[in-house]
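Participant: show me how the following folds:
(one chain, ligands or ions: 1)
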Amino acid sequence: MLATEIQYVQWHENETLRQARWLSQSNHVPPARIVVVDDKTTADEAYRLACAGTSMLWRGDFNNARQLLQALTRRIDRTNERSEQRKINKAANKSAKSGKPTDEASVTSKVIPNLFHQQRQTQSQRSRLLSRLLLELDAGYVSQLRRAPDVSAACTAAFGELNESCLLSFRDLQGALGAAGWRVKGVAIENLGLSIFPHYGVFAPTRHEYVQLLLDAPLPAVYDVAFDIGTGTGLLAIILAQRGVKQVIATDLNPRALACASENLARLELPAVQLQQADLYPTDAPLANLLVCNPPWLPAKPTSPLEFAVYDANSTMLRGFLQSAKQHLAEHGEVWLILSDLAEHLQLRSRDELLSWFANAGLEVKYRLDTQPKHGRSQDDTDPLFAARNAEITSLWCLVPFNT
Ligand SMILES: C[S@@+](CC[C@H](N)C(=O)[O-])C[C@H]1O[C@@H](n2cnc3c(N)ncnc32)[C@H](O)[C@@H]1O
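Facilitator: As a prediction, this is how the structure comes out:
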């Protein structure tokens, strides 16, 4: 995980030098230039300041800050849409000059890996610009802004106790408030007939297609012990316990995930599941009849702690899970790997590469269950990566050791 060291930020206000703790969940460095703004600041002015690298400390009405952020978002998204279209047109022109096919689908598929990296860059630039609207919270996360809600409980849950004043982006505050809402309402997992309550910074199971795969896969003949590697909210461990596995050991590297899984398990009264903080496999554990893992699906570098569940540089977790699987498996045990092929459509990993990792780990495919995701982004044909997202298949690969 990326280290988050304690940092302070200084600014001038009413001819006084002020200082506060700097909080950034996206690992943004403390702003070098801060100006104080309020309800009189227009969206155009704020946009200009943000683009010029100036952060804005909000001293107006709380609800007006929310509106200003929406207006900023619209301006940034409009600019980004225009620049993405320019990139596709440029690629089309280049392709036309080379005498190769120029239809949009073929151009898009040719430039997809670049588009993916460009899209990530655009998103990170967007996040940096939007994070330039700041607010100050007093010790215990108390806001002095007009019409500010009580954000103390949400911030404490998301960022931990803090007994000094801090500066954070309005966006990070919204993230904490959103997570607090989820923690109360939960995410309904229809095919299980229950809700899961994600914590801030823990992978939220908003896509359920892989849940059905885990419900459909036939259990091995013996299923006394299973491991859920990278448990997140505890969802897969819960399914295994509900399917009758006697002992489930669930691990995660992220302490937030373990706290979250522990709460979800307690709510459902599932004592069969034990949690352990571990890099991949648990220690002091028996051999398992079943090893389950839903690793981050995209081999790309996470840029903030919040991205660790989605991006995995060089597929480190996936390869580590496969490489050591055999030594944790009991006789006739099975490995269930949940993986989408989006990385293949984005040309970030090839199918041959994946199959070679199975073979190098001494594993062969017993069967595979597939499903096609139906989430919003896979249907959005304005997304430059639509061709890849629309072709995505999520699979449960059942792997077993082969005799060498
Ligand atoms: C895609 S999420 C899956 C979460 C959950 N299993 C699910 O299906 O909803 C991947 C999880 O793996 C965890 N993780 C990443 N690297 C890990 C490692 N080396 N050891 C253990 N857990 C890891 C992340 O913290 C995250 O919770």
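
Participant: run through the strands of the stretch 251-400 of the chain in chain order.
Facilitator: 273-277, 288-293, 329-340, 363-371, 394-401 (DSSP state E, counting those that start in this stretch).

Participant: so which of the ones you listed is the most surrounded?
Facilitator: Mean neighbour count (mean count of other CB atoms under 10 Å) peaks for strand 288-293 among these, with a mean of 25. To be clear about C-beta, it is placed using only N, CA and C from the backbone, and glycine gets the same treatment.

Participant: sheet partners, orientation included, of that one?
Facilitator: Sheet pairing of strand 288-293 (DSSP bridges) gives strand 225-229 (parallel), strand 329-340 (parallel).

Participant: before we move on, back to that, could you dump the strands of the stretch 251-400 of the chain to TSV with distance to residue 48?
Facilitator: Shown next, in TSV, are those (distance: least, CB to CB, whole Å):
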stretch	distance to residue 48
strand 273-277	46
strand 288-293	47
strand 329-340	40
strand 363-371	47
strand 394-401	43
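
Participant: adding distance to residue 117 and mean pLDDT, write these out as TSV.
Facilitator: Shown next, in TSV, are those (distance: least, CB to CB, whole Å; pLDDT from 0 to 100):
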stretch	distance to residue 117	mean pLDDT
strand 273-277	32	97
strand 288-293	26	98
strand 329-340	18	97
strand 363-371	27	97
strand 394-401	23	97
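
Participant: and the protein, what are its domains?
Facilitator: The chain breaks down by automatic domain parsing into domains covering 1-185, 186-401.

Participant: in TSV: the strands paired with strand 288-293, plus distance to the ligand.
Facilitator: Shown next, in TSV, are those (distance: least, CB to the nearest ligand atom, whole Å):
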stretch	distance to the ligand
strand 225-229	6
strand 329-340	7
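
Participant: export these to TSV and tack on distance to residue 141?
Facilitator: Shown next, in TSV, are these (distance: least, CB to CB, whole Å):
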stretch	distance to residue 141
strand 225-229	33
strand 329-340	37
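
Participant: residue 121: which of the ones you listed is closest?
Facilitator: Residue 121 lies closest, by CB to CB, to one member of the strands paired with strand 288-293: strand 329-340, at 22.1 Å.

Participant: what sits up against that closest one?
Facilitator: Here strand 329-340 makes contact (CB atoms under 8 Å, 6 or more residues apart in numbering) with 210, 213-214, 217, 220-222, 225, 236, 286-295, 297, 318, 321-322, 325, 354, 363, 366, 373, 392-401.

Participant: helices of the stretch 151-300 of the chain, start to end?
Facilitator: 152-159, 170-185, 209-216, 235-242, 255-268 (DSSP state H, counting those that start in this stretch).

Participant: and the third one with the ligand, contact?
Facilitator: This points to helix 209-216. No: Helix 209-216 is not in contact with the ligand by CB under 6 Å from any ligand atom; minimum separation 6.7 Å.

Participant: in stretch 235-250, what counts as buried?
Facilitator: Of all the residues in stretch 235-250, those buried under the rule 16 or more other CB atoms under 10 Å are 235, 236, 237, 238, 239, 240, 241, 245, 247, 248, 249, 250.

Participant: so the fourth one touches residue 270, yeah?
Facilitator: Yes: using CB atoms under 8 Å, residue 238 is in contact with residue 270, at 6.2 Å.

Participant: that older thread, could you export the helices of the stretch 151-300 of the chain as a markdown table, including distance to residue 133 and mean pLDDT?
Facilitator: Shown next, in a markdown table, are the helices of the stretch 151-300 of the chain (distance: least, CB to CB, whole Å; pLDDT from 0 to 100):
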| stretch | distance to residue 133 | mean pLDDT |
| --- | --- | --- |
| helix 152-159 | 17 | 95 |
| helix 170-185 | 5 | 93 |
| helix 209-216 | 36 | 93 |
| helix 235-242 | 34 | 96 |
| helix 255-268 | 25 | 95 |
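
Participant: give me whichever of those is most buried.
Facilitator: The highest mean neighbour count among these belongs to helix 235-242 (a mean of 24), with neighbours defined as mean count of other CB under 10 Å.

Participant: now look at it and say if it contacts the ligand.
Facilitator: Yes: Helix 235-242 is in contact with the ligand by CB under 6 Å from any ligand atom, via 235, 236.

Participant: relative to helix 209-216, how tilted is that helix?
Facilitator: 20 degrees (axes from the mean of the first three to the mean of the last three CA atoms, to 10 degrees).

Participant: so which elements touch helix 235-242?
Facilitator: Secondary-structure packing of helix 235-242 (3 or more CB pairs under 8 Å, 6 or more residues apart in numbering; DSSP states H and E): strand 194-196, helix 209-216, strand 225-229, strand 247-252, helix 255-268, strand 273-277, strand 288-293.

Participant: redo that, cut-off 7 Å
Facilitator: Helix 235-242 sits against helix 209-216, strand 225-229, strand 247-252, helix 255-268, with contacts defined as 3 or more CB pairs under 7 Å, 6 or more residues apart in numbering; DSSP states H and E.

Participant: could you find the closest non-adjacent residue to residue 226?
Facilitator: Spatial nearest neighbour of residue 226, chain neighbours left out: residue 290 (3.9 Å); criterion: CB to CB, 6 or more residues apart in numbering.
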